[in-house]
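1. Just to be clear, the model below is a prediction. Sequence and coordinates:
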Number of protein chains: 2
Amino acid sequence: MAQQARAIRTRRTILQAAAEVFDEFGYEGASTTEIIARGGFTRGALYFHFPSKEALADAVMAVQSEALVPPVRKIRLQAVIDLTLLFAERLRTDVVLRAAVRLGVDQASNKNPNRAPYQEPINLIEQLLKEAGDRGELLPGADPQEVARTLVGAFTGIQIMSQVYERRQALPSRISVLWKYLLPSLAAPELMAYLSTDPERGKGDAPDTAPPEGMVGSAYGSLPTRA
Amino acid sequence: MAQQARAIRTRRTILQAAAEVFDEFGYEGASTTEIIARGGFTRGALYFHFPSKEALADAVMAVQSEALVPPVRKIRLQAVIDLTLLFAERLRTDVVLRAAVRLGVDQASNKNPNRAPYQEPINLIEQLLKEAGDRGELLPGADPQEVARTLVGAFTGIQIMSQVYERRQALPSRISVLWKYLLPSLAAPELMAYLSTDPERGKGDAPDTAPPEGMVGSAYGSLPTRA
């Protein structure tokens, strides 16, 4: 049992060191020698947990999936906004998530690139937007799949640019600006006053606002929700 | 003279070979040995023109600036739309431009990343949007700097995602979808019917539409243009 706990701790130490090196040098530039030097473990320990650099990169990239948990919000469109702001805020401070995102970008030119880093958030956001549509939150022209793809693509590039300009310190503000220009094409006009794109919401303690009367999720909600 | 022409041709051959290798392997993964093998020139020729891999990458990245020539359009907002669609279309077919964009992304995590690949298109688009504002083409809430930054960031990520999904074959359509959701926050309502976001415009032979009567650029334009 103590041995198992130690193994889990070692695995976490390795992932952290690998993330620091991947975040700094990218997949091609990262060496296992540098990762070992950074983390202070043995090459044997590294290969016991991860047989190759690729296996290590896969484990780091898996952290992105764990970060994709939609917050519970009465307004589904607010859940999508908050998901992006929470993710943006976490990218500022969590080197493992940062490395995961960088690895997803780095492998874009591979012969068989892994689509999961894009497809997972697209599926999640598309699902939330479909629910938003069913609840009357969206304008008729807003297509959940188009919007989900556009959001994930735009977020990917804005976080790279934010890295170049200010080490991602202004990333939540930049994502808030993206929402400022997208929301009028997405949200039902009567919902606009109930939505917030304040970048501070990324810190996680934002209040949950109910939608206007008559919309699902309000005290007087009457439209059908999904089963 | 013949010697100079040959030197120019060799330089171009080297840039082309370097672009193919950078596009495929990124900056860290690219080796001069592979570039030489690809292009069929000598190591001496390579180092005569480019003393280092970094110098080679800088020369490839400079191609992006050359591609950033705004098309002449009566409606300034249409010039911005067409600039993005032309760039998207060219990314599909021009490996040197593709490599330039990839190198701009690859160096994002460097200690001192080069902002030029982002700042140049931002400046260009911001200037066009300021002119659009002066001509009455924009909604009052549309801030040229915010919009320029958002567009460049979003474009950067959407082209990466398009690379992962379909080797950029659908990139013009994806950029057209981005415009579908951004334009209603940017364009004066009376201008909307005069704008086109058809992805086919990226092929370059799109008609140039005049704005509605009374707006600068129409036959009856009356608002002041910039000096």
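-> Yep, that arrived.

2. now the helices: where do they sit in chain A?
-> Along chain A, counting by DSSP state H, helices occupy A:2-29, A:32-39, A:43-49, A:53-67, A:76-93, A:95-106, A:116-134, A:144-166, A:171-186.

3. I'd like to know which of those helices lies nearest to residue B:13.
-> helix A:2-29 (24.9 Å; CB to CB). The way it works is simple: take the backbone N, C-alpha and C, and place the C-beta from them, glycine included.

4. got the angle between that closest one and helix A:32-39?
-> 130 degrees (axes from the mean of the first three to the mean of the last three CA atoms, to 10 degrees).

5. OK, now which residue of chain A is nearest to chain B?
-> Nearest residue of chain A to chain B: residue A:157, at 2.6 Å (CB to the nearest CB).

6. Around the nearest residue to that residue once chain neighbours are set aside, how many other residues sit close by?
-> Computed as CB to CB, 6 or more residues apart in numbering or on different chains, the closest residue to residue A:157 that is not its neighbour in sequence is residue B:157, at 2.6 Å. Residue B:157: 24 surrounding residues under other CB atoms under 10 Å in any protein chain shown.

7. Might one say that residue B:157 is in contact with residue A:154?
-> Yes. Between residue B:157 and residue A:154 there is a contact under CB atoms under 8 Å: 5.6 Å.

8. can you pull the contacts of residue A:86?
-> A:71, A:201-202, A:204 (CB atoms under 8 Å, 6 or more residues apart in numbering or on different chains).

9. Repeat that for residue A:186.
-> If a contact means CB under 8 Å, 6+ apart, then residue A:186 has A:77, A:138-139, A:142, A:147, B:181 as its contacts.

10. What about these, which one has the most neighbours?
-> The most crowded member of the contacts of residue A:186, judged by other CB under 10 Å, is residue A:77 (27 neighbours).

11. what about that one, distance to residue A:122?
-> Remark: distance between residue A:77 and residue A:122 (CB to CB, to the nearest Å) = 16 Å.

12. Same question for residue A:134.
-> Applying CB to CB to residue A:134 and residue A:122 gives a distance of 19 Å.

13. so who does residue A:192 touch?
-> Listed by CB under 8 Å, 6+ apart, the contact set of residue A:192 reads A:183-184.

14. let's see 10 Å
-> Contacts for residue A:192 (CB atoms under 10 Å, 6 or more residues apart in numbering or on different chains) come out as A:77, A:183-184, A:186, A:212.

15. excluding its backbone neighbours, what's nearest the spatially most central residue of chain A?
-> Centrality entry for chain A: nearest residue to the mean C-alpha point is residue A:87, 4.4 Å, by CA atoms, centre = their mean. Excluding its sequence neighbours, the residue lying closest to residue A:87 (CB to CB, 6+ apart) is residue A:67, at 6.2 Å.

16. related to what we said a few turns ago, closest to residue A:32 among the contacts of residue A:186?
-> residue A:147 (40.7 Å).

17. quick check: domain ranges of chain A?
-> A:2-51, A:63-203 (automatic domain parsing).

18. Any regions of chain A where pLDDT drops low?
-> Along chain A, the model assigns pLDDT under 70 to residues A:1, A:219-227.

19. For residue A:203, see how far away the residue nearest to residue A:80 when sequence neighbours are not counted is.
-> Take residue A:80 and drop its neighbours on the chain: the residue closest to it by CB to CB, 6+ apart is residue A:128, 5.1 Å away. Distance of residue A:128 to residue A:203, given as CB to CB: 21 Å.

20. Between these two, point out the one with more neighbours.
-> For residue A:128 versus residue A:203, neighbours defined as other CB under 10 Å are more numerous around residue A:128 (20 against 12).

21. Report the contact partners of the more buried one.
-> A:70, A:73, A:76-80, A:83, A:144, A:148 are the contacts of residue A:128 under CB under 10 Å, 6+ apart.

22. Report the buried members of those residues.
-> Using 16 or more other CB atoms under 10 Å in any protein chain shown as the burial test, the contacts of residue A:128 include A:73, A:76-80, A:83, A:144, A:148 as buried.

23. Would you check that residue A:141 makes contact with residue A:188?
-> No. Taking contacts as CB atoms under 10 Å, residue A:141 lies outside contact range of residue A:188: 11.4 Å.

24. more neighbours, these two?
-> Taking neighbours as other CB under 10 Å, residue A:141 and residue A:188 compare with residue A:188 leading, 20 against 11.

25. who touches that one in this structure?
-> Counting by CB under 10 Å, 6+ apart, residue A:188 touches A:77, A:132-133, A:135-140, A:142, A:194, A:211-212, A:215.

26. hang on, residue A:111 packs against residue B:25?
-> No. With contacts counted by CB under 10 Å, residue A:111 stays clear of residue B:25, the gap being 11.0 Å.

27. Have a look at these two and say which one is more surrounded.
-> Of the pair residue A:111 and residue B:25, residue B:25 is the one with more neighbours under other CB under 10 Å, namely 18 against 5.

28. Tell me how many other residues crowd the closest residue to that one other than its chain neighbours.
-> Setting aside the residues directly before and after it, residue B:25 is nearest to residue A:28 in space (CB to CB, 6+ apart), at 7.0 Å. Other residues near residue A:28 number 16, with proximity taken as other CB under 10 Å.

29. just the one 10 residues further on next, same as before
-> The criterion is other CB under 10 Å. On that basis, residue A:38 has 17 neighbouring residues.

30. The one 10 residues further on now?
-> Using other CB under 10 Å, the number of residues around residue A:48 comes to 14.

31. again with the one 4 residues further on
-> Residue A:52 sits with 10 neighbouring residues when counted by other CB under 10 Å.

32. From the contacts of residue A:86, list just the buried residues.
-> Among these, those buried by neighbour count (16+ other CB under 10 Å) are A:71, A:201-202.

33. Just send those back as TSV, with distance to chain B too.
-> TSV is the format used below for the buried ones among the contacts of residue A:86 (distance: CB to the nearest CB, whole Å):
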residue	distance to chain B
A:71	22
A:201	18
A:202	17
